[in-house]
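J.: predicted coordinates and the sequence they were generated for:
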Amino acid sequence: MNIIQRTLFLTLLGTCCSMAFAYDMVPAAKPQAATLLKNATVHTVLNGTLPHTDLLLENGKIKAIGSHLTDASATVVDLTGKHVYPGLIALDTTLGLTEISMVRSTNDTSDVGDDNPQLLAAAAYNPDSELLPTVRANGITHAQSTPRGDGLAGQSVLVNLDAWTIEDATHAATAQYHLYWPELPRVYADSERTKKAAEAYQQAVKRIKQHFNAAYRYQLSVTGKPDQKEDIRWHALAPLFKGNGKLFVHADQQQAIEEAAALARQYQLPLVIVGGYDAWRLADVLNELQAAVIYTHCLDLPERTDDPIAQAFKIPGLLKKVGIPFAIGFSDDWDSRNLPLAAAQTVAWGLTQEEALKAITYDAAQIVGATGLGAIMESYDASLVVSDGDILDPMTSKIEALYIDGRQVDLNNRHRQLYQKYLKR
């Protein structure tokens, strides 16, 4: 091929690759009239379960809840025998940042370095990701798209999963800064190797403390000198030090959580522990700081060889018992669609069904500072899931409709398309 032919070929190839990572479902348009959902079993999360209840949706909000509601201009949908839930909220995901995990060019989850608080997941979020419709099909309407990395990895964003652009997708929430605490050093048979691992851990922790000390001093200098030369890293942390953001520390083991809590206490930073396998052991420390936990191990094996085989399943119940606010998360991309299954697992190990549902709806919204989301109440966002059965039971649940801000979303996805394709083989 000559140079013109090669250029045309590469352009076409690039276009095809781009199309391969964009789904075919068109984001739902804003309804022209109100929507009246009739005769459903409504799981409000905050006010119990209401049988034979109507919901009036207008301008993206829940306008009214009750029996025998009427609105002459509304589109009426009969949901007799169906269940209506708040849209599920998936925390600590990489949705929109990852497409194919084994293809590096489709992964925008991290950057080099361990001091990147200025990096925004929103800048890399792809609202056309093929993964989003597959996750929506399990009742998830919103997700926290979270950067990965070492140390200060950046800021996450709360998004709805049906939008044309990141601006359309972004849901108002508090600023969310993510700090990945280094893993505790292992003990090896070789004492010298153990010593080096311990030293590496201490150096990593020291570097984190240096970053926060530099950021704190920067905030003081900016306050006193408005013409101070800007450092984009520490400038990005201003909302956190002013109490307008939260520090999400990814840590599981007790020592790591204690050290993270000490750092938060030193600078009076609002704290959320992500992972939190040992968080229940530190109730006094975390409750003193009014910290919360995003627990992400509901379907995991135990962290320690001498833990009971069901230890990971019991921890949400233990967090509830010691009074630590928590939500249930699923730290993945496409696999985050298993969020309702993870919540269901906790019902057999200490939580009630209502508490498990609350942990993936209202509690999740509260932890990220999203108001008017995660429950079915008047004036709340009309982000709802209609299911034929119990949404926490994968054997009987069948998601029949999904509403985001009052817009009924297309539940088609690549999985369903492939299923239909091979039915015709």
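T.: The structure has been received and is ready for your questions.
J.: if I pick Gln290, what's in contact with it?
T.: Pro270 (Cβ atoms under 8 Å, 6 or more residues apart in numbering). Just so you know, the C-beta spots here come from the backbone N, C-alpha and C atoms, and that holds for glycine as well.
J.: and it, helix, strand or coil?
T.: coil (DSSP: H, G, I helix; E, B strand; the rest coil).
J.: cool, and the one 10 residues further on?
T.: Going by three-state DSSP, the secondary structure assigned to Asp300 is coil.
J.: look up how far Ser397 lies from it.
T.: Counting by Cβ to Cβ, to the nearest Å, the gap from Asp300 to Ser397 is 22 Å.
J.: the more surrounded of the two?
T.: Ser397 (21 against 14; other Cβ atoms under 10 Å).
J.: wait, doesn't that one sit right on Pro340?
T.: Yes - at 7.2 Å, Ser397 and Pro340 qualify as touching, with contact defined as Cβ atoms under 8 Å.
J.: which neighbours do the two share?
T.: Taking Cβ under 8 Å, 6+ apart as the criterion, Ser397 and Pro340 both touch Gly139, Ile391.
J.: what packs against the one helix or strand Ile315 maps to?
T.: For Ile315, the host element (DSSP states H and E) is helix 311-321. Under the contact definition 3 or more Cβ pairs under 8 Å, 6 or more residues apart in numbering; DSSP states H and E, helix 311-321 sits against strand 292-295, strand 326-328, helix 339-347.
J.: outside of the shortest one, which residues touch it?
T.: Same thing as strand 326-328. With Cβ under 8 Å, 6+ apart as the test, strand 326-328 has contacts from 89, 91, 276, 279, 292-296, 298, 316, 319-320, 339, 342-343, 346, 356, 359-360, 363-364, 366-367.
J.: for the helices and strands packed on helix 311-321, which one ends up most surrounded?
T.: Looking across the helices and strands packed on helix 311-321 with neighbours counted as mean count of other Cβ atoms under 10 Å, the highest average goes to strand 326-328: a mean of 29.
J.: just say helix, strand or coil for Asp227.
T.: At Asp227 the chain is in coil, as set by three-state DSSP.
J.: got it, and Ala214?
T.: What three-state DSSP gives for Ala214 is helix.
J.: would you map the strands across the stretch 301-425 of the chain?
T.: Applying DSSP state E, counting those that start in this stretch to the stretch 301-425 of the chain gives strands spanning 326-328, 384-387, 399-404, 407-408.
J.: cool, the stretch 151-300 of the chain as well?
T.: Per DSSP E, counting those that start in this stretch, the stretch 151-300 of the chain carries strands over the ranges 151-155, 157-160, 175-180, 245-251, 271-275, 292-295.
J.: closest to Ala121 out of those?
T.: Distance to Ala121, taken as Cβ to Cβ, is lowest for strand 157-160 among those, at 4.9 Å.
J.: quick check: buried residues in the closest one?
T.: By neighbour count with 16 or more other Cβ atoms under 10 Å, strand 157-160 contains the buried residues Val157, Leu158, Val159, Asn160.
J.: one more: stretch 252-272?
T.: By neighbour count on 16+ other Cβ under 10 Å, the buried set for stretch 252-272 is 252-254, 256-261, 263-264, 269-272.
J.: over to stretch 373-386?
T.: Across stretch 373-386, burial judged by 16+ other Cβ under 10 Å covers Leu373, Gly374, Ala375, Ile376, Met377, Tyr380, Asp381, Ala382, Ser383, Leu384, Val385, Val386.
J.: how long is it from one end to the other?
T.: Stretch 373-386 has an end-to-end distance of 16 Å (criterion: Cα to Cα, to the nearest Å).
J.: rounded mean pLDDT for that stretch, please.
T.: Average pLDDT, stretch 373-386: 98.
J.: likewise stretch 47-61?
T.: Regarding stretch 47-61, the rounded mean pLDDT is 97.
J.: who touches it?
T.: Residues outside stretch 47-61 that contact it (Cβ under 8 Å, 6+ apart): 30-31, 34-44, 62-69, 71, 74, 84, 354, 372, 376-377, 379-382, 384, 403, 405-407.
J.: helices - which of these land there?
T.: Among the contacts of stretch 47-61, the residues falling in helices (DSSP state H) are Glu354.
J.: any of the contacts of stretch 47-61 buried? List them.
T.: 31, 34-44, 62-63, 65, 69, 71, 74, 84, 376-377, 380-382, 384, 403, 405-407.
J.: circling back to that earlier point, possible to save the buried residues of strand 157-160 as TSV with distance to Ser110 and pLDDT?
T.: Output for those, formatted as TSV (distance: Cβ to Cβ, whole Å; pLDDT from 0 to 100):
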residue	distance to Ser110	pLDDT
Val157	15	98
Leu158	19	98
Val159	18	98
Asn160	24	97
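J.: which one of those residues sits closest to Ser221?
T.: Val157 (28.6 Å).
J.: ok, now which ones touch that closest one?
T.: Residues near Val157 by Cβ under 8 Å, 6+ apart: Leu120, Ala121, Ala122, Tyr125, Gln144, Ser145, Ile166, Thr170, Ala173, Gln176.
J.: now the first one: phi and psi?
T.: Right, the one you point to is Leu120. Dihedral angles phi and psi of Leu120 (degrees, to the nearest 10) take the values phi -110, psi 120.
J.: beta-bridge partners for the closest residue to it other than its chain neighbours, please?
T.: If the residues on either side of it in the chain are set aside, Leu120 comes closest to Gln155, at 5.3 Å by Cβ to Cβ, 6 or more residues apart in numbering. Note on Gln155: beta-bridge partners by DSSP bridges are Leu120, Tyr177.
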